[in-house]
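Participant: whatever this is, show me its structure:
(2 chains)
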Amino acid sequence: MNLFEKFFGEVAEKPKEELKRPPAQELPPFAPYSPTKENKKEEKPEKKTHPLSTPEEKKLEVGEKTGSFELQGTVNKVFFVKFEDGAEGIFKPKNGEAFTGTSVEKGTYFKRERAAYLVDRFIGFGLIPPTVIREIEGQIGSVQEFVPDAKTAAETLEHEKQAVASEMFKVWILDYLIFNTDRHGYNWLIRNQKIHAIDNGMSFGVRPGSEDEPFDHYFAHFNAPFPQEMKDMFEKFLSWEQGKEILRDLLLELLNKKETDAFFRRVEIVNEFLAQGKIPYAARNGLTFGS
Amino acid sequence: MQYVEFYKLKNDGSQEVIATCGMKDGVVVCEGDEALIENLAKDGILDYSQSPPQKIFPKEGPRFLEQLKYNFKSGYLNASEIKEK
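Facilitator: Modelled structure (predicted):
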């Protein structure tokens, strides 16, 4: 049994429908895993391989492409791609990265899309659709599971945004952890009162001159108590030593050491805020994203 | 007249124009999806030509039009380059 099967074996046996992006609180794959004496020896060499491949990810990683459309109106090249078994994704090839509006170097966005997803997955927030890196017709890039029937935040009215306010708190914390320099008010989707955080390619960098300025839509959450669900998820992640180790290894394949270390420092900062039960407004300038 | 189109991605992978923004008397006027237009007017967009990026609004004219494509590039809702008609 490999590491994937140990983490995801239970999920793989569930009926197909249940594998469709379960709500965050039901995400079972990253429950702390403690190796037993019997299996400890055989799992160790697997650690450096690819321990994280859910059934959804596998479909995107290896599924045969059955069709694709290049989308109009994007600064970066973006494709809608259909795979066998009905999977659909948004493909962003490395060679199509052209946007230079933040400090994050173009040509690395596709790796950051994957890194952001891994962080979300390990913590268990369940905000970012499954995202993998693969080659399609000779071009390497990120493929993110398509979210059908979703509205972008730009198409939603205030009362619809209010209905997902507690989800937005999670997005804030996630964006701080991954230091997403590009989660402006239009870069997320809403479907069935759930947020899907897309467009994470400009994460894990710094935002020159404004590292201390959270985006407007986060301000409502200063001084608000951490939702218990989010607190539980984060504490579970913090106590999962092996998981943090695996995540570090996976991030180091996608980011440089400085960026990876900065992420783990932000984890510690969030932990301090959790102990306080809220993020006080006075700490606004302490939420620096720099490495 | 200069204008920008907004393309909404549909479930079958095709795209549909749901709004347009164009210059009128020096300011940007938008038509189409009501929520989108309301949000653009109320929340503005980020001007990535500034460091750090600053908020700009339709009244700022061509600069607003030019920056739309940098704010809407996810694939789900894209803004075109500036077009002429």
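
Participant: report the buried residues of the longest helix along chain A.
Facilitator: Scanning chain A for the helix with the most residues, using DSSP state H, yields helix A:257-276. Of the residues in helix A:257-276, A:259-260, A:262-263, A:266-267, A:269-270, A:273-274 count as buried by neighbour count, 16 or more other CB atoms under 10 Å in any protein chain shown. Where you see a C-beta, it was placed from the backbone N, CA and C, and this is true even at glycine.

Participant: tell me how far that helix is from the chain's mean position?
Facilitator: Helix A:257-276 has its average C-alpha position 16 Å from the chain's average C-alpha position, going by CA atoms, centre = their mean, to the nearest Å.

Participant: could the buried residues of helix A:257-276 go into a markdown table alongside pLDDT and distance to chain B?
Facilitator: Supplementary listing: the buried residues of helix A:257-276 in a markdown table, determined by pLDDT from 0 to 100; distance: CB to the nearest CB, whole Å:
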| residue | pLDDT | distance to chain B |
| --- | --- | --- |
| A:259 | 91 | 19 |
| A:260 | 94 | 24 |
| A:262 | 88 | 18 |
| A:263 | 92 | 21 |
| A:266 | 87 | 19 |
| A:267 | 92 | 25 |
| A:269 | 86 | 21 |
| A:270 | 88 | 23 |
| A:273 | 87 | 24 |
| A:274 | 87 | 28 |
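
Participant: and the longest helix of chain A, C-alpha only, in PDB?
Facilitator: The C-alpha coordinates for helix A:257-276 follow below in PDB (Å, rounded to 0.1, in the frame of the first residue of the first chain):
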ATOM      1  CA  LYS A 257      13.200  28.000   0.100                       C
ATOM      2  CA  LYS A 258      12.600  31.600   1.100                       C
ATOM      3  CA  GLU A 259       9.000  31.600  -0.100                       C
ATOM      4  CA  THR A 260       8.400  28.200   1.600                       C
ATOM      5  CA  ASP A 261      10.000  29.400   4.900                       C
ATOM      6  CA  ALA A 262       7.900  32.600   4.700                       C
ATOM      7  CA  PHE A 263       4.700  30.500   4.400                       C
ATOM      8  CA  PHE A 264       5.500  28.500   7.500                       C
ATOM      9  CA  ARG A 265       6.300  31.700   9.400                       C
ATOM     10  CA  ARG A 266       2.800  33.000   8.500                       C
ATOM     11  CA  VAL A 267       1.400  29.700   9.800                       C
ATOM     12  CA  GLU A 268       3.000  30.600  13.200                       C
ATOM     13  CA  ILE A 269       1.500  34.100  13.100                       C
ATOM     14  CA  VAL A 270      -2.000  32.800  12.400                       C
ATOM     15  CA  ASN A 271      -1.500  30.400  15.300                       C
ATOM     16  CA  GLU A 272      -0.800  33.300  17.500                       C
ATOM     17  CA  PHE A 273      -4.000  35.100  16.400                       C
ATOM     18  CA  LEU A 274      -5.900  31.900  17.000                       C
ATOM     19  CA  ALA A 275      -4.800  31.900  20.600                       C
ATOM     20  CA  GLN A 276      -6.200  35.400  20.900                       C
END
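
Participant: am I right that residue A:236 falls within a helix?
Facilitator: Yes: secondary structure assignment (DSSP: H, G, I helix; E, B strand; the rest coil) places residue A:236 inside a helix.

Participant: is it true that it touches residue A:229?
Facilitator: No: look at residue A:236 against residue A:229 with CB atoms under 8 Å: they stay out of range, at 10.9 Å.

Participant: next up, the contacts around the closest residue in space to residue A:97 that isn't next to it in sequence.
Facilitator: Beyond its immediate neighbours in the sequence, the residue positioned closest to residue A:97 (CB to CB, 6 or more residues apart in numbering or on different chains) is residue A:106, lying 4.3 Å away. Under the criterion of CB atoms under 8 Å, 6 or more residues apart in numbering or on different chains, the neighbours of residue A:106 are A:97-100.

Participant: now do the same for residue A:106: its pLDDT.
Facilitator: Predicted confidence (pLDDT) at residue A:106: the value is 91.

Participant: so how far is residue B:4 from it?
Facilitator: Spatial separation of residue A:106 from residue B:4 under the definition CB to CB, to the nearest Å is 23 Å.

Participant: nearest residue to the middle of chain A?
Facilitator: For chain A, the residue sitting closest to the mean C-alpha position, by CA atoms, centre = their mean, is residue A:117 at 2.5 Å.

Participant: all set now, cheers.
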